[in-house]
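Novice: predicted coordinates and the sequence they were generated for:
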Protein chains: 2
Amino acid sequence: MHDSAPAPVMTDVARLAGVSHQTVSRVVNGSPHVSTPTRNKVLAAMEQLGYRRNAVARALATRRSGTLGVITFDTVLHGPVTTLYGVEQAAGALGLGVSIAVVDRVSSDAVMRALTRLEDQSVEGVIALATQEDAVRALTAGLRALPAIFVGGLAGAAAAGATAVGTDQLDGAQAATRHLLEFGHRTVHHLAGPQDWLDSRWRVEGWRAALHAAGAPEPPLVEGDWSARSGYCGMRAMLAADPALTAVFAANDQMALGALRALDEAGRRVPEDVSVVGFDDVPEAEFFRPPLTTVRQHFAEAGQRAVHLLLDLIRPQESPADATPPPLVPTELVVRRSSGPAAR
Amino acid sequence: MHDSAPAPVMTDVARLAGVSHQTVSRVVNGSPHVSTPTRNKVLAAMEQLGYRRNAVARALATRRSGTLGVITFDTVLHGPVTTLYGVEQAAGALGLGVSIAVVDRVSSDAVMRALTRLEDQSVEGVIALATQEDAVRALTAGLRALPAIFVGGLAGAAAAGATAVGTDQLDGAQAATRHLLEFGHRTVHHLAGPQDWLDSRWRVEGWRAALHAAGAPEPPLVEGDWSARSGYCGMRAMLAADPALTAVFAANDQMALGALRALDEAGRRVPEDVSVVGFDDVPEAEFFRPPLTTVRQHFAEAGQRAVHLLLDLIRPQESPADATPPPLVPTELVVRRSSGPAAR
DNA sequence: ACAAACCTTGTTAGCGCTAACAATGTGAGC
DNA sequence: GCTCACATTGTTAGCGCTAACAAGGTTTGT
């Protein structure tokens, strides 16, 4: 399994093809200044030797590592993970590598350490998947010469002077809330995500905006931490505070799952007594009981756009006519059975 | 944000400290052959200039990139993702970087492409998180000089001549099955995972072993693909085939969720009429209705062990007394309300 | 036919670091 | 005092690649 013969290098190919190593380099890099017969000779030699360009040497000579860094938060949330895959896919298609750094808890310190780790791997740019307020601050402060893109918390990050790409949280939350309002619910309660996450703040904004537009009263916010447990606890608290509530918009599907459970325990039927809407559309949402109405986010798409945007920052000359993608990814309301008309 | 002054290099530090660049190198690498005053001068100069060693140059000179590669499958499954985080954490603690390659579908081809991508990034070793049979085959065939560790599908990978680490699937599945049997169920049906995954084959083995040990009949296997949907469909099929079944062991929690839904639709109560046990213990399992009895896997732990095992392969001399961790991570049965006594 | 413009190839000099060896200086041992 | 061992430092030569320039050969225009 471990062969001992050293991997062939450019000089080996050059010798075999009877040209200089620079000519081999030209062929490898697709330079037009190589005659067809020479190119073929080189190609044949490469093939014969099984030559593969040494990325490290190339990186040293060009001062470009061809690697992007991704900073992500350590909770296994559907969003960040799917985005990560989108990033890797897009990067792979462009011939770029992806290094990751997982931040175990959100503190400027942890973020800085993650950043340092990526810098030490000579990444050319960073995509940050954890858009808590602190993280954004720490990153914008800590990034030295590194370009970065934030995924999520769009406008918030933009305000901090950074480039961002993300789902249109505002619109998605508005759509969810409006959907419930249109069913005749007097108002919609909101099980919010952690308020240090920019994403969840935008969802609150959207919810609030839809409420106000409809002239509906704004019930007090209950804050969770994205977990099903927090949705469960939050729902119980809400129910205790306002037993008459009829519609709940949860900041993500996990929290909605917890809410569903709490409602069941309290003897409330969904959607007959209380309607529930989630956010994200995780693959399981369709199999919750009842199937969850939710707002689908296209995380992988966001990840792909992030890569293109980042490439734009790193190599402005290389992203030509095919314009950079718009940073705002639209959402999609997926109506299932957990939402319905208000009981009368 | 983008400063223009080039980053200081070793020579800059050397000049400032009044020593040769090699002495700086010695300090950076913790060589004992540097006098304390000299070391302090160098350290001060490094501090003053904000020197950071260039990992690429070091990699070129030492022929070691300090980077591990992880190959993972593109489904957002709880296991692989958590393992990935465990890998990153352990690698980070050892000063190693982590590059990822996501395989979009399982074919030898896709696996080979992912492998090539990692090789091109000069990773020193590979940790494969996708232990489908094909993937193992493709990897063991495709790895040239690269050491690799497989996570999951333990004995299967070992049989293929590769080193592996993973959860004790056999034992976990046996425990789950036995748990149901002990409740007095005549037998236990199994909603299996995709049979090209080594993990799910081991779960089948464990289930089968427990059944045989108890002298229980072995119902036909229903195969899914890890998704809630497949659990739902599989459960319906099972119910159609054997309306009298009373206990189901699902290969993972998502499939169990689908099964729960199918049982509900069929008017079967859980656990009064039918008991359900899952596998993995995803964070949401506790909030399924009813809370799911399941087998907890310690994925992050498996990831960490994989890193240490891989390091052993890469740098045998460096992992000393503190023995390599055992490759088999134990599981833990978490009993919740979805399992109970057989109805009489 | 002759020079200016190529096109093609080769030569040289790094990128920033480490490995190997050489060259000091110091104290111990005879 | 002189040699030997050793600790400390410096010098040199790469790692495998690309960038920049140089050097031929072939066109082309007039």
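Specialist: Yep, it's here.

Novice: now do the helix or strand containing residue A:203: which elements does it pack against?
Specialist: Per DSSP states H and E: residue A:203 is located in helix A:198-213. Packing partners of helix A:198-213 (3 or more Cβ pairs under 8 Å, 6 or more residues apart in numbering or on different chains; DSSP states H and E): helix A:154-159, helix A:169-182, strand A:189-192. Glycine gets a C-beta too; all of them are placed from N, C-alpha and C.

Novice: using CSV, write out every CA atom in it.
Specialist: Taking C-alpha atoms only, helix A:198-213 is exported to CSV below (Å, rounded to 0.1, in the frame of the first residue of the first chain):
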residue,chain,number,x,y,z
LEU,A,198,-27.8,37.3,13.4
ASP,A,199,-30.0,34.8,11.6
SER,A,200,-32.4,34.5,14.4
ARG,A,201,-32.6,38.3,14.9
TRP,A,202,-33.6,38.6,11.3
ARG,A,203,-36.3,36.0,11.7
VAL,A,204,-37.6,38.1,14.6
GLU,A,205,-37.6,41.2,12.5
GLY,A,206,-39.6,39.4,9.7
TRP,A,207,-42.1,38.1,12.2
ARG,A,208,-42.5,41.5,13.8
ALA,A,209,-42.9,43.2,10.4
ALA,A,210,-45.6,40.8,9.3
LEU,A,211,-47.4,41.2,12.5
HIS,A,212,-47.3,45.0,12.3
ALA,A,213,-48.3,45.0,8.7
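
Novice: residue A:46: which of the helices and strands packed on helix A:198-213 is closest?
Specialist: helix A:154-159 (44.1 Å; Cβ to Cβ).

Novice: check which element follows the closest one along the chain.
Specialist: strand A:163-167.

Novice: strands of chain A, start to end?
Specialist: Ranges of strands in chain A, per DSSP state E, are A:67-73, A:97-103, A:125-128, A:148-151, A:163-167, A:189-192, A:222-223, A:247-250, A:275-277, A:294-296, A:328-329, A:332-334.

Novice: most tightly packed of those?
Specialist: strand A:247-250 (a mean of 31; mean count of other Cβ atoms under 10 Å in any protein chain shown).

Novice: is residue A:223 in contact with residue A:194, as I believe?
Specialist: Yes - the criterion here is Cβ atoms under 8 Å, and residue A:223 meets it with residue A:194 at 6.7 Å.

Novice: so residue A:280 touches residue A:80, yeah?
Specialist: No - applying Cβ under 8 Å, one finds residue A:280 not in contact with residue A:80, separated by 11.0 Å.

Novice: re the thing from before, which one of the strands of chain A lies closest to residue B:126?
Specialist: strand A:97-103 (13.5 Å).

Novice: any chance you could list what contacts the closest one?
Specialist: Here strand A:97-103 makes contact (Cβ atoms under 8 Å, 6 or more residues apart in numbering or on different chains) with A:55, A:65-74, A:84, A:87-88, A:91-92, A:110-111, A:114-115, A:117-118, A:121, A:123, A:130, A:135, B:67, B:84-85, B:88-89, B:92, B:97-101, B:117, B:120-121.

Novice: so how far is stretch A:253-273 from its chain's centroid?
Specialist: 28 Å (Cα atoms, centre = their mean, to the nearest Å).

Novice: and stretch A:123-132, by the same measure?
Specialist: 10 Å.

Novice: check stretch A:288-307 too.
Specialist: With Cα atoms, centre = their mean, you get 10 Å for stretch A:288-307.

Novice: enumerate the residues of the stretch 151-300 of chain A near chain B.
Specialist: A:161, A:227-229, A:231-232, A:254, A:257-258, A:260-261, A:264, A:283-284, A:286-289 (Cβ under 8 Å from any Cβ of the partner chain).

Novice: mark which of the residues you listed are buried, thanks.
Specialist: A:227-229, A:231-232, A:254, A:257-258, A:260-261, A:283-284, A:286-289 (16 or more other Cβ atoms under 10 Å in any protein chain shown).

Novice: just the closest of those to residue A:271, please.
Specialist: So of these, ranked by how close each gets to residue A:271 (Cβ to Cβ), first place is residue A:260, at 10.5 Å.

Novice: ok, the closest one touching residue A:288?
Specialist: Yes - counting by Cβ under 8 Å, residue A:288 is a contact partner of residue A:260 at 6.1 Å.

Novice: nearest spatial neighbour of the most centrally placed residue in chain A, skipping sequence neighbours?
Specialist: The residue lying closest to the centre of chain A (Cα atoms, centre = their mean) is residue A:83, at 3.5 Å. Distance criterion Cβ to Cβ, 6 or more residues apart in numbering or on different chains; nearest residue to residue A:83, sequence neighbours excluded, is residue A:303 at 4.0 Å.

Novice: circling back to that earlier point, make CSV out of the helices and strands packed on helix A:198-213 and add distance to DNA strand D.
Specialist: Output for the helices and strands packed on helix A:198-213, formatted as CSV (distance: least, Cβ to the nearest atom of the strand, whole Å):
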stretch, distance to DNA strand D
helix A:154-159, 32
helix A:169-182, 41
strand A:189-192, 50
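
Novice: deepest in the core, which of these is it.
Specialist: Most buried among these, counting by mean count of other Cβ under 10 Å: strand A:189-192, with a mean of 28.

Novice: what lines up beside that one in the sheet?
Specialist: Applying DSSP bridges, strand A:189-192 is found paired with strand A:222-223 (parallel), strand A:247-250 (parallel).

Novice: quick one: mean pLDDT over the last one.
Specialist: What strand A:247-250 shows for mean pLDDT is 98.

Novice: residues in contact with it?
Specialist: Contacts of strand A:247-250 (Cβ under 8 Å, 6+ apart): A:173, A:176-177, A:180-181, A:183, A:185, A:187-191, A:207, A:231, A:235, A:238, A:256, A:259, A:274-279, A:339, A:342.

Novice: all helices for chain A, in order.
Specialist: Using DSSP state H, the helices of chain A run over residues A:10-17, A:21-28, A:36-49, A:55-62, A:78-93, A:108-120, A:133-142, A:154-159, A:169-182, A:198-213, A:228-241, A:253-265, A:299-314.

Novice: most tightly packed of those helices?
Specialist: The most buried one of these (mean count of other Cβ under 10 Å) is helix A:253-265, showing a mean of 26.

Novice: give me the mean pLDDT for it.
Specialist: Rounded mean pLDDT across helix A:253-265 is 97.

Novice: who touches the residue nearest to residue A:163 when sequence neighbours are not counted in this structure?
Specialist: Using Cβ to Cβ, 6+ apart and skipping residues adjacent in sequence, the residue nearest residue A:163 is residue A:149, 5.3 Å away. Counting by Cβ under 8 Å, 6+ apart, residue A:149 touches A:125, A:126, A:127, A:128, A:162, A:163, A:164, A:165, A:306, A:309, A:310, A:313.

Novice: got a markdown table for these, with pLDDT and distance to DNA strand D too?
Specialist: A markdown table is the format used below for the contacts of residue A:149 (pLDDT from 0 to 100; distance: Cβ to the nearest atom of the strand, whole Å):
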| residue | pLDDT | distance to DNA strand D |
| --- | --- | --- |
| A:125 | 94 | 18 |
| A:126 | 93 | 23 |
| A:127 | 94 | 25 |
| A:128 | 91 | 29 |
| A:162 | 67 | 29 |
| A:163 | 79 | 26 |
| A:164 | 83 | 31 |
| A:165 | 88 | 29 |
| A:306 | 94 | 26 |
| A:309 | 91 | 24 |
| A:310 | 92 | 20 |
| A:313 | 89 | 19 |
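
Novice: how about the residues of chain A near DNA strand C?
Specialist: Contact residues, chain A versus DNA strand C (Cβ under 7 Å from any atom of the strand): A:18-23, A:26, A:32-35, A:37-39, A:57, A:60-61, A:63.
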